[in-house]
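K.L.:
build the 3D model from these lines:
(one chain, ligands or ions: 3)
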Amino acid sequence: MGVTVIVGAQWGDEGKGKITHLLSPKFDAVVRYQGGSNAGHTVKTRGSTYKFHLLPSGILHEGKKCILAAGVVIDPTTLAREITELTESGYFKGELIISSDAHIVAPYHKLLDEMEEKRLGKSAIGTTGHGIGPAYSDKYLRIGIKAGDLLDHDILRRKVEYAVETKNSLLTALYSHEPLDAGEQFEMMVESGKHIVPFIKNTIPIIRDLLANGSELLLEGAQGTLLDIDYGTYPFVTSSHPVTAGACLGTGISPLKLNRVIAVSKAYATRVGNGSFPTEQRNDLGDRMREAGREYGTTTGRKRRCGWLDLVLLKYAILINGATDIALTKIDVLNEFDSINVCVGYMYKGERIDEVDLDDSILSKCKPIYEEFPGWKEEIGYMRSPDELPEKLMSFIGFVEGKLGIPASILSVGPDHDQTIFRNGI
Ligand code: GDP
Ligand code: IMO
Ligand code: MG
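P.N.:
Residues are numbered from 1 along each chain as shown. Ligands and ions are numbered 1, 2, ... in the order given. The predicted model follows:
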């Protein structure tokens with residue numbers, strides 16, 4: 001399989017964690033390429049549930065190389081907690097490697113995230129509050145702290161002092177907050193950093209050697225295409241590149257090395273946080289999806305907004321990601337629905353459109369046009385082969401595949417790792 005990318009095709013929470021965990025045994029290494037502890041990836045296996053924010057979802061597999069690549073932003077406190085909890089339960093089985101080039105989310109980043117959201121009030125993005133935007137901003141301002149800086153306290157102190165000086169002017173002038181003490185911030189970073197220091201390495205030669213010896217790599221995305229900073233529903237996006245190109249940037253792997261891109265999408269749609277969501281069902285249908293799909297955020301516990309599958313946006317995601325396959329997840333959530341809607345176009349300014357500019361100012365004015373399918377009204381969670389699936393469901397899947405032009409090679413019919421049906425030789 002060479003290098004395979006797992007990419008979120010919607011607004012996150014598509015089930016990337018489940019799919020990554022499931023496919024990991026076929027790969028030599030699992031690499032997280034972007035995002036930070038804003039991610040919440042759930043893995044259910046053998047009766048236990050694991051929620052990963054930073055650890056790659058392959059970590060439960062013995063000896064699996066699990067890399068946090070340069071494109072990730074790391075909150076050492078969260079990562080240390082994840083490592084400790086998993087070690088205590090005996091499931092820290094993979095080999096963790098953290099890129100020295102990955103940026104660190106400092107305590108002041110989390111404070112700034114919170115302050116800015118408060119300041120924005122009604123226009124808030126609805127971030128996870130994990131300091132993601134401020135950490136990536138500092139990276140691009142070239143005042144960020146890299147994981148490698150945790151290894152040299154003189155460099156770390158100098159960089160923290162410089163960053164805190166600029167933050168203090170913002171904190172005091174814009175947010176009426178007391179200035180931070182640079183020494184305290186430095187000490188906090190040393191303290192939390194010491195738990196992750198043993199894992200920090202230069203990952204470039206490690207990945208180079210893996211590729212050179214023919215190893216198979218699984219690149220795990222966080223968030224989703226519609227939250228991409230360039231290709232998502234701006235400004236209601238995250239501050240990184242969840243799309244396939246972000247996997248290349250975030251790992252340093254050439255695009256020419258990619259063999260397969262699996263776009264993960266629910267059979268319906270959800271969104272956490274603010275921003276347009278044309279197919280949202282703010283009604284009984286949406287509530288039923290939320291309850292059946294247990295749609296509450298893994299990271300923040302917030303209610304996820306629910307609605308119908310949007311093929312205009314999904315088609316766009318397939319294009320941007322160069323996806324070769326779809327993993328269609330949470331199909332079982334629709335078991336009880338009499339009919340199932342799928343958005344196939346929009347009405348915009350009185351005209352039908354089949355393609356859309358994702359900027360929130362435009363998307364917010366689009367009204368979905370639906371195609372309706374009869375529900376299959378059958379429990380499917382125990383089914384393990386496409387032949388067992390109800391005919392009505394197979395024609396729904398066939399329609400989706402026809403519109404997208406790529407196969408739904410993985411069908412997920414429940415949260416547990418074995419509630420999955422593979423097709424097309426995956
Ligand atoms: P991720 O962020 O993309 O990894 O997705 P999350 O883990 O945040 O959210 C997906 C949720 O749906 C998790 O609670 C999973 O356990 C659950 N899940 C994944 N696949 C299925 C499925 O096919 N059916 C059901 N009912 N739940 C699923
Ligand atoms: P996974 O990897 C769903 C959303 C937030 C907010 C916006 C910006 O589990 O799919 P941020 O904290 O990143 O600055 O918030 O992005 N968001 C997610 N939504 N799943 C995620 O991750 C998300 N990570 C961020 O709700 O709307
Ligand atoms: Mg999630």
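K.L.:
residue 195 against residue 80, yeah?
P.N.:
Yes: with contact defined as C-beta atoms under 8 Å, residue 195 and residue 80 form a contacting pair (3.5 Å). Glycine gets a C-beta too; all of them are placed from N, C-alpha and C.
K.L.:
shared neighbours, these two?
P.N.:
Residues touching both residue 195 and residue 80 by C-beta atoms under 8 Å, 6 or more residues apart in numbering: none at all.
K.L.:
distance check, residue 145 against residue 170.
P.N.:
To residue 170, residue 145 is 17 Å away according to C-beta to C-beta, to the nearest Å.
K.L.:
so residue 288, which of the three states?
P.N.:
Secondary structure, DSSP: H, G, I helix; E, B strand; the rest coil: residue 288 is helix.
K.L.:
tell me the SS of the residue of the stretch 51-200 of the chain found nearest ligand 3?
P.N.:
Proximity of the stretch 51-200 of the chain to ligand 3 (C-beta to the ion) peaks at residue 51, 8.6 Å away. Under three-state DSSP, residue 51 falls in the strand class.
K.L.:
tell me the SS of residue 379?
P.N.:
Going by three-state DSSP: residue 379 is coil.
K.L.:
what's near enough to touch the closest residue to it other than its chain neighbours?
P.N.:
Residue nearest to residue 379 in three dimensions, not counting chain neighbours: residue 335, with 6.0 Å by C-beta to C-beta, 6 or more residues apart in numbering. Neighbouring residues of residue 335 by C-beta under 8 Å, 6+ apart: 292, 375-380.
K.L.:
and if you look at residue 262?
P.N.:
4-7, 19, 323-327, 409-410, 426.
K.L.:
that one is in what secondary structure piece?
P.N.:
Secondary structure assigned from DSSP states H and E places residue 262 in strand 258-266.
K.L.:
gap between the helix or strand following that strand and the chain center?
P.N.:
Using DSSP H and E, the helix or strand that directly follows strand 258-266 along the chain is strand 269-271. The chain centroid and the centroid of strand 269-271 are separated by 13 Å under C-alpha atoms, centre = their mean, to the nearest Å.
K.L.:
cool, stretch 21-36 as well?
P.N.:
12 Å.
K.L.:
pLDDT of that stretch, averaged?
P.N.:
Mean pLDDT, stretch 21-36: 97.
K.L.:
quick one: is that stretch near ligand 1?
P.N.:
No: counting by C-beta under 6 Å from any ligand atom, ligand 1 has no neighbours in stretch 21-36; the shortest distance is 9.1 Å.
K.L.:
buried residues in that stretch, which are they?
P.N.:
Within stretch 21-36, the residues scored as buried using 16 or more other C-beta atoms under 10 Å are 21-24, 27-36.
K.L.:
out of the residues you listed, which are inside helices?
P.N.:
21-23 (DSSP state H).
K.L.:
need the contact list for residue 239.
P.N.:
By C-beta under 8 Å, 6+ apart, the contact set of residue 239 is 132-133, 135-137, 229.
K.L.:
out of the residues you listed, which touch ligand 2?
P.N.:
Applying C-beta under 6 Å from any ligand atom to the contacts of residue 239, those adjacent to ligand 2 are 132-133.
K.L.:
buried ones among the contacts of residue 239?
P.N.:
Buried, going by 16+ other C-beta under 10 Å: 132-133, 135-136, 229, out of the contacts of residue 239.
K.L.:
turn these into TSV, columns for pLDDT.
P.N.:
Shown next, in TSV, are the buried ones among the contacts of residue 239 (pLDDT from 0 to 100):
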residue	pLDDT
132	98
133	98
135	98
136	98
229	98
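K.L.:
of all the residues you listed, which two lie farthest apart?
P.N.:
Spatially, the most separated pair among the buried ones among the contacts of residue 239 is 135 and 229, at 13.1 Å (C-beta to C-beta).
K.L.:
look up how far residue 8 lies from the closest residue in space to residue 325 that isn't next to it in sequence.
P.N.:
In space, residue 325 comes closest to residue 409 once its chain neighbours are excluded; the distance is 4.0 Å by C-beta to C-beta, 6+ apart. For residue 409, the distance to residue 8 (C-beta to C-beta) stands at 16 Å.
K.L.:
how far away from the center of its chain is the longest helix along the chain?
P.N.:
Secondary structure of the chain per DSSP H: the longest helix is helix 153-173. Computed by C-alpha atoms, centre = their mean, the chain-centroid distance of helix 153-173 equals 30 Å.
K.L.:
the helix or strand where residue 392 lies and ligand 1 in contact?
P.N.:
Residue 392 is located in helix 391-404, with elements delineated by DSSP H and E. No: using C-beta under 6 Å from any ligand atom, helix 391-404 stays clear of ligand 1, coming no nearer than 12.8 Å.
K.L.:
so for that helix, what gets flagged as buried?
P.N.:
Applying 16+ other C-beta under 10 Å to helix 391-404 flags 393, 396-397, 400, 404 as buried.
K.L.:
next, see if the helix or strand just after it gets close to ligand 1.
P.N.:
Next helix or strand after helix 391-404 toward the C-terminus (DSSP H and E): strand 408-412. Yes: using C-beta under 6 Å from any ligand atom, strand 408-412 reaches ligand 1 at residue 412.
K.L.:
strand 408-412 to helix 391-404, inter-axis angle?
P.N.:
If you take axes from the mean of the first three to the mean of the last three C-alpha atoms, to 10 degrees, strand 408-412 sits at 140 degrees to helix 391-404.
K.L.:
and strand 408-412, what other elements does it pack with?
P.N.:
helix 16-23, strand 325-329, helix 391-404, strand 420-422 (3 or more C-beta pairs under 8 Å, 6 or more residues apart in numbering; DSSP states H and E).
K.L.:
got the contact list for it?
P.N.:
Looking at what lies outside strand 408-412 - C-beta under 8 Å, 6+ apart - the contacts are 15, 18-19, 262, 325-331, 386, 389, 397, 400-401, 419-426.
K.L.:
apart from its chain neighbours, what residue comes closest to residue 259?
P.N.:
Nearest to residue 259 is residue 2, by C-beta to C-beta, 6+ apart, at 3.6 Å.
K.L.:
surely that neighbour touches residue 260?
P.N.:
Yes: counting by C-beta under 8 Å, residue 2 sits close enough to residue 260 to count as a contact (7.4 Å).
K.L.:
next, the angle from the strand holding residue 262 to strand 325-329.
P.N.:
30 degrees.
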